[in-house]
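[1] Model the structure of this input:
(chains A and B)
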Amino acid sequence: MSNLSNSKLEISAFELGKLWHYFTRYIDSFLLTGILILMIVGLITLYSATGGDINKISKQAAHMLIALSIMWLVANIPLQQIMRLALPLYLLGFILLVGVALFGEINNGARRWLDIGITRIQPSEIMKIAVPLMMAWYFDKYEITLRIRDYFGATIILLLPVLLILRQPDLGTALLIAASGFYVLFLAGLSWRVIGGLIVAAIGSVPILWSFMHDYQRQRVLTLLDPSQDALGAGYHTIQSSIAIGSGGIVGKGWQNGTQTQLDFLPEQSTDFIFAVFSEEFGLIGNSLLLLLYLIVIGRCMVITANASTQFTRLIAGSITLTFCTYIFVNMGMVSGILPVVGVPLPLISYGGTALVTMLLGFGILMSIQTHPKLVKT
Amino acid sequence: MKPTVELRNHPLELYKFRRRLAFSAGFILLLFLALLSRFFYLQVTQGEHYHTLAEANRISIAPLVPNRGLILDRNGKILAQNYSTYTLEITPNKIQDLESTLEELATIIEITPSDLEQFRKLLRENKRFKSLPIRNRLTDKEVARFAAHRYRFPGIEIQARILRYYPYGELASHVVGYISRISDKDLEYLEQSGELDNYRGSHFIGRIGIEQSYEKELHGITGFDEVETDAAGRSIRVLSRTPPVSGNNLLLTLDINLQQVADDAFGNRRGALVAIDPNNGEVLAFVSKPGFDANLFVGGIDHKNWNLLNNSIDRPLNNRALRGVYPPGSTFKPFMALAALELGLRSPGYAISDIGYFTLPGSERRYRDWKVGGHGRVDLHKSLVVSCDTYYYSLAHDMGIDRIHSYIKQFGLGKKTGIDIFGEIEGLLPSQEWKMHRHNQRWYAGDTISVGIGQGYVLTTPLQLAFATAIIANHGTAYQPHLVKQITNSQTDTARELSKQKLYTINHQPQNMELVRKAMVDVTRPGGTASNSAAGAEYTFAGKTGTSQVIGIKQNERYKEELVAERHRDHAMFVAYAPAENPTIALAILVENGGSGGSTAAPIARQVLDYFLLGKLPVSKEAENVAVSEHTHDH
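    Next comes the predicted model:
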């Protein structure tokens, strides 16, 4: 009798284990652990930044659950399926971008949103993943006969959406997409000479770029050079966040004790400037640990990338990894005053759903690459 | 043509890819190192600096304005006090369209054209981030009404302010002074003197009189709250408080009742009176007529009232006692007489035969006595009692201007007395050197003759005359005239007495002083020029009448009061002290265009003395009028 019940129990435990295995088989637990720790750090910081606003914290927790579900979903899709999606997704994103340029809603002087009846969407967000996907697909397709002109084709794939986004205008997103595309080019073996030429051209085009910039964009650059010049205007963000970080010192002021945060001197403290909150309250030690945590996650992504078996998977994994790094660097750089203020959130920590979903979608792709049987093209 | 197809070399491709990836990883590490060094720079190298900045962000200092010290008369009656009131104030730079806001505001709170005009004046004079009053003294109802509409008026707020009130209005306003709003010029001065910090939050500063000269005592020490504020500037909590220290209370030497009697005694006449206690220099009454209501200035005076005061022919803003210079006329004679005795130029028994005029040797020009035909035989005693001019013409000629100057300057004529309010005028006691220096002209013998009877170049203020009279009253010893008797620390309630300050004793023989004093007593007795005013007094008093010329009289004319326009009539002067034996009060009176000293100035002295010595108030206005109408000739 007892044996029977025991075996029943064993069976159910076994089945549960099977279910769990089925559920997690395409999940990279190392990467997931890193992501979850960063998300918890984000929630803790958000608690302080919002002054314990449970409503906002549960909202962000919901964002995280949705994003994690999407990640799980994507991780379960084999790469061949995802690869098939590259071209349609890119075309869809492109059409929507054109739609924005023609019929988009104007908000704060920028045309970024498109009302598609059910909801408002920001097509540039789709492009963050669609562009590297498309480029990786493109390089994969022309892998065998890769020539210089194929790099030109890839560049056009990249430049069309970037220019459209630049026109909205949304310099930050345009640059980030350009970066993610450039990473594909770079990893696909773009010759160093071309890269050197691009760098020279970029420097040379600064004056031209300057003349095409909007006043507020120029102001951001000028403010970076001397924030005190406009302490109450454009420089306010940088000055206040520098004060927050600096006054945190080595050990920080302690959780919920940051005066810059609690007395609202910090702008955008739950979104783009949340790092200043973290930094003020946890100090240099906290910053170092956070950087280390990010490095561990990046390291895992690098390993996945390095082990990817096809051109497509290598390129898309590399681009996602490097874009993740770029987000971290640009956000921390602007909050600590070494880069101009562009609207880039701190991955996995800043409040907000869209960026989180995009980011975890990328991680889902990485997991799929890592966990699905490696295919070797012949 | 066969296209050359590179065959794929998997290991090589993978190797190339991994090299690029490794390169990227290295690059990322570099960027992270850059971030880390930036954090190190901000949080360690500059940590202290940013910590200070964060504290400065967080903590703001809110000044706590001290209560201004009270001003009291010698008996503790309040002459200047504080009251709190609500004012409606506008911070111009917080308002988009000032004009339409003002219009809208006027529909809720009554704003008079005068309020508006004053506000515009302040607007011109002040920086735009300052809070400027548009209305003072809001009623409770107005406060409630505005509070209900407040949301419509960002940048406009009701402020509780402490204002100054002068209960006696016009009375003694020249002495007490007033406070008014701190101007940008004041701020500059305060910054230079290093006092600006103590004026953070203060809105008013003493302008004239005691309010001005004792500003440091009255203002007090500004306290402050260390307030934690958020980014919007809202205070979250008070971290620490340094309470303000109220200004010190000042007890004046002035007796406001005596001041009132003196002020009333002038009626509608213009003039000045200064009464001093000769034993210690305390100023008992200090009148300048007409006066002005100091309360008009506190909230900022409006255009209409200002014009009324400033353009009035009576010049009410002019402190005549302190700043009015007049020839002392015959009140100069006692000092001349003492000088004559001291310098051995005249003996008590020496007499002249006055035929009604004096001529300089070798000159035809006649210096006439006020009395046609003269006073006959006149010695020093009689020269003072009847105010004989001829005696002093020849005396002045014998003494010479430089000896007059050097002896009489001991009485403080022609120089500042150093009283404790600002703006005193020097007057003039002429000398040869002065004339050469000032007019680049030599001194003529004729110049000396008019100085002998207190005319010509000599100019004194009523305050100087009172001071000089007090020296005679006090047997030659001078005390510093002063208006503040005692300073009370409002925190500890301890009083600091300002002790009397003996200045010097003039060079004199007591018997000479006695001769002059005796003659001055006889001035008030039958036969003397002030006898009418002294009649029936229950004390003896000493005095000297005087008349100071406003217009020159030509050689062959005589001065006829009824023919001269009121403003050109002579000024009436009178100096006195009482009781004669042991004086407790010395005074000088000037009545502008009052005619002769005996008829208009001396009766004022009598009323003041009656009140001061006997506590007697003037019987009635009729009695005063009778005394005035009795026309006596005196000079």
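[2] Domains of the chain: list them as residue ranges, please.
    No chain specified, so I'll use chain A. The domain map for chain A lists A:32-76+A:214-372, A:89-211, with the assignment taken from automatic domain parsing.
[3] I was after chain B.
    Taken from automatic domain parsing, chain B resolves into B:61-148+B:155-252, B:326-596.
[4] Low-confidence stretches in chain A?
    Applying pLDDT under 70 to chain A flags residues A:1-10, A:108-110, A:116-120, A:144-146, A:223-234, A:375-378.
[5] at 80 what do you get?
    A:1-13, A:104-121, A:143-149, A:169-171, A:206, A:209, A:211-236, A:342-343, A:373-378 (pLDDT under 80).
[6] Now whichever residue of it sits closest to chain B: closest residue in space that isn't a chain neighbour?
    Closest contact between chain A and chain B, by C-beta to the nearest C-beta, is at A:G246 (2.5 Å). Using the backbone N, CA and C atoms, a C-beta is placed for each residue, glycine as well. Counting by C-beta to C-beta, 6 or more residues apart in numbering or on different chains, B:Y50 is the residue found nearest to A:G246 once chain neighbours are left out, at 2.5 Å.
[7] Isn't the one you found up against A:S242?
    Yes - using C-beta atoms under 8 Å, B:Y50 is in contact with A:S242, at 6.8 Å.
[8] in what helix or strand does B:L590 lie?
    Element membership for B:L590 (DSSP states H and E) is strand B:585-591.
[9] no, scratch that, I was asking about A:I70
    Using DSSP H and E, A:I70 falls in helix A:54-75.
[10] May I have the phi/psi pair for the nearest residue to B:A445 once chain neighbours are set aside?
    Distance criterion C-beta to C-beta, 6+ apart; nearest residue to B:A445, sequence neighbours excluded, is B:L360 at 5.7 Å. The phi/psi pair for B:L360 (degrees, to the nearest 10) reads phi -70, psi 150.
[11] Run a quick neighbour tally on B:L360.
    17 (other C-beta atoms under 10 Å in any protein chain shown).
[12] Just list what the helix or strand hosting B:L239 packs against, helices and strands only.
    Element membership for B:L239 (DSSP H and E) is strand B:235-242. Here strand B:235-242 touches strand B:59-64, strand B:223-229, going by 3 or more C-beta pairs under 8 Å, 6 or more residues apart in numbering or on different chains; DSSP states H and E.
[13] Deepest in the core, which of the domains of chain A is it.
    Most buried of the domains of chain A, by mean neighbour count (mean count of other C-beta atoms under 10 Å in any protein chain shown): domain A:32-76+A:214-372, with a mean of 21.
[14] tell me how far the ends of it are from each other?
    By C-alpha to C-alpha, to the nearest Å, the extent of domain A:32-76+A:214-372 from end to end equals 16 Å.
[15] Likewise for stretch B:67-87?
    End-to-end distance for stretch B:67-87: 17 Å, by C-alpha to C-alpha.
[16] Could you say which helix or strand holds the closest residue to B:A519 other than its chain neighbours?
    Leaving aside its sequence neighbours, B:A519 sits nearest to B:L384 (C-beta to C-beta, 6+ apart; 3.8 Å). Here B:L384 sits within helix B:380-385, counting by DSSP H and E.
[17] Mind listing what's buried along that helix?
    B:380-385 (16 or more other C-beta atoms under 10 Å in any protein chain shown).
[18] For these, work out which two are farthest apart.
    B:L380 and B:V385 (9.9 Å; C-beta to C-beta).
[19] quick one: common contacting residues for these two?
    Overlap of the contact sets of B:L380 and B:V385 (by C-beta atoms under 8 Å, 6 or more residues apart in numbering or on different chains) consists of B:A519.
[20] circling back to that earlier point, which among the buried residues of helix B:380-385 gets closest to chain A?
    Comparing the buried residues of helix B:380-385 against chain A with C-beta to the nearest C-beta places B:L384 closest, at 78.2 Å.
[21] For that closest one, list the residues it contacts.
    Residues in contact with B:L384 (C-beta under 8 Å, 6+ apart) are B:333-334, B:337, B:516, B:519-520, B:522-523, B:544.
[22] Restricted to helices, list these.
    Using DSSP state H, B:333-334, B:337, B:516, B:519-520, B:522-523 are the members of the contacts of B:L384 that sit in helices.
[23] Looking at the residues you listed, spot the one nearest chain A.
    Taking C-beta to the nearest C-beta as the measure, chain A lies nearest B:P334 of these, at 72.7 Å.
[24] From A:I148, how far off is that closest one?
    121 Å (C-beta to C-beta, to the nearest Å).
[25] Common neighbours of B:Y50 and A:S242, please.
    With C-beta under 8 Å, 6+ apart as the test, B:Y50 and A:S242 both reach B:L42.
[26] Can you lay out the domains of chain A as CSV showing distance to A:I82?
    What follows is the domains of chain A, written out as CSV (distance: least, C-beta to C-beta, whole Å):
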stretch, distance to A:I82
domain A:32-76+A:214-372, 6
domain A:89-211, 7
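[27] Can you verify my assumption that A:Y138 contacts A:G153?
    Yes - contact criterion C-beta under 8 Å: A:Y138 and A:G153 qualify, at 6.6 Å.
[28] B:D354 - nearest residue in space that isn't next to it in sequence?
    B:G374 (3.6 Å).
[29] Please list all residues in contact with the one you found.
    B:G374 neighbours (C-beta under 8 Å, 6+ apart): B:353-357, B:388, B:390.
[30] what about the residue lying closest to B:E211 once chain neighbours are set aside, how many neighbours?
    Nearest residue to B:E211, sequence neighbours excluded (C-beta to C-beta, 6+ apart): B:G177, at 3.7 Å. By other C-beta under 10 Å, the residues close to B:G177 number 26.
[31] on that earlier part again, a markdown table for the domains of chain B, including distance to A:V74 and mean pLDDT?
    Below are the domains of chain B laid out as a markdown table (distance: least, C-beta to C-beta, whole Å; pLDDT from 0 to 100):
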| stretch | distance to A:V74 | mean pLDDT |
| --- | --- | --- |
| domain B:61-148+B:155-252 | 41 | 86 |
| domain B:326-596 | 76 | 89 |
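[32] Quick one: distance of the helix or strand in which A:V357 is found to the chain centre.
    Element membership for A:V357, per DSSP H and E: helix A:354-371. For helix A:354-371, the separation from the chain centroid amounts to 10 Å (computed by C-alpha atoms, centre = their mean, to the nearest Å).
[33] before we move on, what about stretch B:418-437?
    Offset of stretch B:418-437 from its chain centre (C-alpha atoms, centre = their mean): 18 Å.
[34] Stretch B:465-483 now?
    The answer for stretch B:465-483 is 21 Å, by C-alpha atoms, centre = their mean.
[35] would you put the C-alpha positions of it in PDB?
    The C-alpha trace of stretch B:465-483 is given here as PDB (Å, rounded to 0.1, in the frame of the first residue of the first chain):
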ATOM      1  CA  LEU B 465      22.000 128.600  20.600                       C
ATOM      2  CA  ALA B 466      20.400 126.300  23.100                       C
ATOM      3  CA  PHE B 467      23.800 124.600  23.700                       C
ATOM      4  CA  ALA B 468      25.500 128.000  24.100                       C
ATOM      5  CA  THR B 469      22.800 129.100  26.500                       C
ATOM      6  CA  ALA B 470      23.100 125.900  28.500                       C
ATOM      7  CA  ILE B 471      26.800 126.700  29.000                       C
ATOM      8  CA  ILE B 472      26.000 130.000  30.500                       C
ATOM      9  CA  ALA B 473      23.200 128.400  32.600                       C
ATOM     10  CA  ASN B 474      25.700 125.800  33.900                       C
ATOM     11  CA  HIS B 475      28.300 128.400  34.800                       C
ATOM     12  CA  GLY B 476      30.600 127.700  31.900                       C
ATOM     13  CA  THR B 477      30.600 124.000  31.700                       C
ATOM     14  CA  ALA B 478      29.600 122.300  28.500                       C
ATOM     15  CA  TYR B 479      27.900 118.900  28.300                       C
ATOM     16  CA  GLN B 480      27.400 117.000  25.100                       C
ATOM     17  CA  PRO B 481      23.900 117.500  23.900                       C
ATOM     18  CA  HIS B 482      22.200 114.200  23.300                       C
ATOM     19  CA  LEU B 483      18.800 112.700  22.600                       C
END
